[in-house]
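In: Next input, structure requested:
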Amino acid sequence: MKSPFTEGEVLLKHEKRTHTYRNQEFTINAQYYQCVDTGETFTTDEIDSLNLTPVA
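Out: Alright, predicted model coming up:
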């Protein structure tokens with residue numbers, strides 16, 4: 001995967017995040033990419049689906 005910001009290298013990272021869905025809180029281990037050059041973070045449609053699977 002290349003960064004959409006610089007076409008450079010990216011790192012796959014993760015962190016715990018809490019989401020509220022139907023008045024219930026869920027803590028998930030959310031994945032995202034970080035651009036090595038700019039530090040900007042982003043996700044893809046695939047990662048968004050993976051991140052929301054435990055909540056749905």
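
In: use CA for all of it now, contacts and neighbours both
Out: Noted.

In: before we move on, could you check phi and psi at the residue of the chain most remote from its centre?
Out: Distance from the centre of the chain peaks at N23, with 22.4 Å (Cα atoms, centre = their mean). N23 has phi and psi values of phi 60, psi 20 when expressed as degrees, to the nearest 10.

In: which stretches of this protein have low pLDDT?
Out: 55-56 (pLDDT under 70).

In: And the strands in the chain, which stretches?
Out: 10-21, 24-35, 41-42 (DSSP state E).

In: contacts for the last one?
Out: The contact list for strand 41-42 (Cα atoms under 8 Å, 6 or more residues apart in numbering) reads 32-35.

In: One more: stretch 18-33?
Out: 10-17, 41-43, 47, 51, 54-56.

In: ok, back up a step: looking at the contacts of strand 41-42, spot the one nearest K2.
Out: Comparing the contacts of strand 41-42 against K2 with Cα to Cα places C35 closest, at 8.3 Å.

In: and which of the contacts of strand 41-42 is nearest S3?
Out: Distance to S3 across the contacts of strand 41-42 (Cα to Cα) is lowest for C35, with 5.6 Å.
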